[in-house]
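Colleague: Sharing a model that was predicted from the sequence below.
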Amino acid sequence: MRIYEGLADFSPIKNAVVTSGTFDGVHLGHQKILRRIRSIADEIAGETVLITFWPHPRLVLQPENHQLRLLSTFEEKTALLRNAGIDHLLTIPFTREFSNLSSEEFIQKILIDGINTEKLVIGYDHRFGKNREGGFDYLKANLAYYPFDLEEIAREDVDDVGVSSTKIRKALEVGKVEVANEYLGRDYELNGIIIKGQQLGRSIGFPTANIHIPHDYKLIPADGVYAVEVRVEGLRYQGMLNIGNRPTVNGNSRTIEVNIFEFSGDLYDKRVSVYLKSYLRSEVKFEGLDSLKAQLEQDRLTALQILTNQLTKSK
């Protein structure tokens, strides 16, 4: 997959099958569109082009809405789109100036002149252009003037999937990881770098690695303890993750800490990927370290049982 930032280094291609959108999370609804454009491109010996926008339009147009958190970082989204078989990822820098582009200017400058679109595939509710004035109905009404074909992912097809990025965010914000994973079609992931912590877990037999998430716009799920899988240097391990303020040890800031089962070695400065499997319990303030240790031992057994059962079902 080739990646372009803006149209400057993008050359129009033959038989371009195009779709457009933010594709945050690349969930099951998005995947339906991606499979469709791949299928069309294969039928006409064409190539797929996905137009996306960065930063997320709501972060630019609604700066007061600074609490918006996204399901995927740009790097995560790129990897997911590559795995989905996209040939060209065209990232349009989303600015106030760009948001003032009329729908007709968007069509002419980007879809026609910039990409040479052969076929455009969009969802029934997709909007584009200044004040979101453009959409499927607009395109259909003016299709005679455009040199490309148009296909709509119909309402019933989208509703049949019943998935939206908003639904997934809401599920994660209350710890409903299994629901979010079902909508995503995969496990929700956190990618970060291991940094040095207070090493209190080591003193009670549960050493944890502190994960720094480098992007503050990435959605961190609800505080609590989770059963997880962890990928370190290409290898996968089972583990449990704690998100929260660590009230038992008087923590004063939110941290993300993972205890990796059956792992020994130095993790500092290494990149890790954590895949959330199940929510175990909320964060609790215990009477002391002994009570905390007893609960962690129970959490470990519960996590192992859940992870083993999920692994068995997937085979």
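Modeller: Structure received. These numbers were taken from a predicted model, which means no experiment stands behind them.
Colleague: what residue ranges in the stretch 1-150 of the chain score low on pLDDT?
Modeller: When residues are selected by pLDDT under 70, those of the stretch 1-150 of the chain lie in 65-66.
Colleague: can you give me the helices in it?
Modeller: 28-43, 57-61, 74-83, 96-99, 103-106, 136-141 (DSSP state H, counting those that start in this stretch).
Colleague: so which of those gets nearest Ala180?
Modeller: When the helices of the stretch 1-150 of the chain are ranked by distance to Ala180, counting by Cβ to Cβ, first place goes to helix 28-43 at 11.3 Å. For glycine as for every other residue, the C-beta is placed from the backbone atoms N, C-alpha and C.
Colleague: ok, residues contacting the closest one?
Modeller: Taking Cβ atoms under 8 Å, 6 or more residues apart in numbering as the criterion, the residues outside helix 28-43 that touch it are 15, 17-19, 21, 23, 26, 46-48, 50, 81, 84-87, 119, 121-123, 151, 153, 157-158, 161, 163-164, 183-185.
Colleague: so which of the helices of the stretch 1-150 of the chain gets nearest Ile194?
Modeller: By Cβ to Cβ (comparing all of those), the closest turns out to be helix 74-83, at 17.3 Å.
Colleague: What is that closest one packed up against?
Modeller: Other elements packing on helix 74-83 under the criterion 3 or more Cβ pairs under 8 Å, 6 or more residues apart in numbering; DSSP states H and E are strand 47-54, strand 88-93, strand 188-195.
Colleague: Mean neighbour count and distance to Lys313 for those - can I get that in TSV?
Modeller: As requested, the helices and strands packed on helix 74-83 are exported to TSV (neighbours: other Cβ atoms under 10 Å; distance: least, Cβ to Cβ, whole Å):
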stretch	mean neighbour count	distance to Lys313
strand 47-54	22	32
strand 88-93	18	33
strand 188-195	19	18
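Colleague: Now tabulate the helices of the stretch 1-150 of the chain in CSV and tack on mean neighbour count and distance to Glu283.
Modeller: As requested, these are exported to CSV (neighbours: other Cβ under 10 Å; distance: least, Cβ to Cβ, whole Å):
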stretch, mean neighbour count, distance to Glu283
helix 28-43, 18, 30
helix 57-61, 14, 29
helix 74-83, 17, 25
helix 96-99, 12, 40
helix 103-106, 17, 46
helix 136-141, 14, 45
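Colleague: got the buried residues for the helix ranked longest in the chain?
Modeller: For the chain, the longest helix by residue count, based on DSSP state H, is helix 289-314. For helix 289-314, the buried set under the neighbour-count rule, 16 or more other Cβ atoms under 10 Å, comprises Leu292, Lys293, Leu296, Asp299, Arg300, Thr302, Ala303, Ile306, Leu307.
Colleague: hang on, the earlier thing: out of the helices and strands packed on helix 74-83, nearest to Ala227?
Modeller: Taking Cβ to Cβ as the criterion, strand 188-195 is the member of those that comes nearest to Ala227, at 12.5 Å.
Colleague: what's the model's confidence in stretch 241-250, averaged?
Modeller: Per-residue pLDDT over stretch 241-250 has a mean of 82.
Colleague: residues making contact with that stretch?
Modeller: Contacts of stretch 241-250 with the rest of the structure, by Cβ under 8 Å, 6+ apart, involve 198, 200, 208, 220-226, 228, 251-259, 274, 276, 283-286, 288-289, 291-292.
Colleague: at 7 Å what do you get?
Modeller: With Cβ atoms under 7 Å, 6 or more residues apart in numbering as the contact definition, stretch 241-250 has outside contacts at 200, 220-221, 223-226, 228, 251-258, 274, 283, 285-286, 292.
Colleague: number of nearby residues for the closest residue to Leu59 other than its chain neighbours?
Modeller: Spatial nearest neighbour of Leu59, excluding adjacent residues (Cβ to Cβ, 6 or more residues apart in numbering): Leu68 at 6.2 Å. A count of neighbours around Leu68, defined by other Cβ atoms under 10 Å, yields 13.
Colleague: Name only those of the contacts of helix 28-43 that count as buried.
Modeller: Those of the contacts of helix 28-43 that meet the buried threshold are 17-19, 21, 23, 26, 46-48, 50, 81, 84, 86-87, 119, 121-123, 151, 153, 158, 161, 163-164, 183-184, by 16+ other Cβ under 10 Å.
Colleague: Out of those, which sit inside strands?
Modeller: Judged by DSSP state E, strands contain the following of these: Val17, Val18, Thr19, Glu47, Thr48, Leu50, Lys119, Val121, Ile122, Gly123, Glu151, Ile153.
Colleague: As CSV, the helices and strands packed on helix 74-83 with distance to Asn242 would be great.
Modeller: Putting these into CSV (distance: least, Cβ to Cβ, whole Å) gives the following:
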stretch, distance to Asn242
strand 47-54, 31
strand 88-93, 35
strand 188-195, 12
